[in-house]
Each structure stands twice: as structure tokens, then as C-alpha cells.
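Asker: Build me a model from this:
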Amino acid sequence: MKDPQQYYRNVEQNARSHDPTNHVTQSKSIGYTEKELQSIPEEAIMGMGCGNPTALAKLQEGQTVLDLGCGGGLDVFLAALKVGPKGYVIGIDVTEEMIHRAKTTSRKRDFRNVEFIVSKMENLPLKDNSVDVVISNCVINHALDKIKVFQEALRCLRTGGRILISDLVVQGKFSEDAFRDEIWGTWLSNAVGKQDYLNAIELAGFKDITIVTESSFYLSEADDRLKGKIISISIEALK
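Answerer: Reported below is the predicted structural model:
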């Protein structure tokens, strides 16, 4: 992604234009419940993502969780509530702006079992075998080297740990307008098909790869200039 911070601004502006009240409606549309959204700081709700990995990850009290591409921290805060005070959640994002936002929110709301770090997913500043669960929400699709991202996730996981990834993959051809679009075009430059995405997870060394949820939509549903099919998937895999 050439300019991640500008991409976040474009996505947020686009979400506001479709839902001028706030980002809650968009978050509900991708799987978050009213109860979940009311349990976390409003500042973390940005209407971004393509699923709700914390709802599928079977998180338990006392676990250490890593969120790849945490943005404003929505999934980090939800995970922090699930793992409790004896657990710990680390949010990683490449954009300083998002990490600053998440850190400010955590201090303001006194979340003591979270940490936010500026880092690329391809080179994580974590020790080997240090986390129980890795989650991510619609971010790894942006990575040019997806195998490297999953290798890093595997390295950080303890034996028996798992990933629960919600993400987008592509199918078929896309219009030139889609490739030029300020939001979709940035993503499409590194997007892959479902099988290639699953292959990256397997080549990284994960086992028992399972598609937990899957749904599809056409870009033309949002904008008739844009042509192409997107598949939203949630994937679990084990170390």
C-alpha cells in the first residue's frame, strides 16, 4: 500500500458519506452486535473491516492475543474484554496515526491489558512462541508478501495456537474504474483469489486450515461504475 494513512482517511470519509450519523451501522453490517459496540470506546468504532474475528476466535481468559492491522483498536478492545485482566492484547499497525489514536483511546478509557505498536506485519517485534491467538480484520489482503505475514504470525504463536483471520479475496475480472478507485484500487493492486490466499497460509506452515464463514458481493452493489466480485472469508488455522 503506497500511503496507508491516506487510505485510512479515504475509507473513513467514504464510510461517513454512506452513513452520515456514525460508523455503527457499517460495523453492524459486517458482524458486530449492538452489545459489543456499546462495550468498547466509541472512538475505536471506525466502520472498517469485513468481519468480526473476535466473535469467532473462541478467546479465553488469560490468553495473549495479537491483532495484525489493528487500526483504531476496535478488535483489540473487544479481545481485551474477553481475555480479562490476566490476559493481554497487542495491536500492530503500520500507520502512526492509527496507533496514536488507539493509544489515546486506551489511556482515556483506562484499558490496562492492551498495547499498541507501530510495525509492519512482515517483521513483527514480538518474541517467538509468545501469543496464543492471532486475529486480523481485512488487512492481510493489502500485503504484497502474504506468505511472509503468515510466517511471522506462525513464529509468534505458541504450539497449539491459532489464527482467526477475516479478510477479502477476489474472483473474476474487475473494471478499469475499480482499479482506479481511491479505495478499491489500492486494495486490488495486491488482492488474490481465495485458493492463492489459502495456499499462502499453508505454505507458511499452518495446519488444519478451515473456512469458518464465507459470503460474496459485487462492487456494483455499492457503485455501478465498479465491476468485480469480492469474497469475504473468515479462516481458522492451527500451529
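Asker: Helices of this structure, residue ranges please.
Answerer: Using DSSP state H, the helices of the chain run over 4-18, 24-29, 34-38, 53-56, 74-83, 96-108, 146-156, 176-180, 184-188, 194-204.
Asker: Any idea which of those gets closest to residue 217?
Answerer: Closest to residue 217 of these, according to C-beta to C-beta: helix 24-29, at 10.9 Å. Heads up, the C-betas are built off the backbone N, CA and C, glycines and all.
Asker: Quick one: closest of the helices of the chain to residue 134.
Answerer: helix 146-156 (4.5 Å).
Asker: hang on, the earlier thing: using JSON lines, lay out the helices of the chain together with distance to residue 117.
Answerer: Listed next are these as JSON lines, based on distance: least, C-beta to C-beta, whole Å:
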{"stretch": "helix 4-18", "distance to residue 117": "15"}
{"stretch": "helix 24-29", "distance to residue 117": "24"}
{"stretch": "helix 34-38", "distance to residue 117": "24"}
{"stretch": "helix 53-56", "distance to residue 117": "19"}
{"stretch": "helix 74-83", "distance to residue 117": "11"}
{"stretch": "helix 96-108", "distance to residue 117": "7"}
{"stretch": "helix 146-156", "distance to residue 117": "12"}
{"stretch": "helix 176-180", "distance to residue 117": "32"}
{"stretch": "helix 184-188", "distance to residue 117": "23"}
{"stretch": "helix 194-204", "distance to residue 117": "21"}
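Asker: For burial, what's the neighbour tally of residue 128?
Answerer: Number of residues near residue 128 (other C-beta atoms under 10 Å) recorded here: 9.
Asker: give the contact list for the nearest residue to residue 169 once chain neighbours are set aside.
Answerer: Spatially, and ignoring its direct neighbours in sequence, residue 169 is nearest to residue 194 (4.5 Å; C-beta to C-beta, 6 or more residues apart in numbering). By C-beta atoms under 8 Å, 6 or more residues apart in numbering, the residues touching residue 194 are 169, 171, 231, 233.
Asker: how close does residue 196 sit to residue 170?
Answerer: Residue 196 sits at a distance of 9 Å from residue 170 (criterion: C-beta to C-beta, to the nearest Å).
Asker: Looking only at neighbour counts, state which of those two leads.
Answerer: Higher neighbour count among residue 196 and residue 170: residue 170, with 20 against 12, using other C-beta under 10 Å.
Asker: pLDDT score assigned to the most centrally placed residue in the chain?
Answerer: Nearest to the mean C-alpha position of the chain, by C-alpha atoms, centre = their mean, lies residue 137 at 1.7 Å. On the pLDDT scale, residue 137 is placed at 96.
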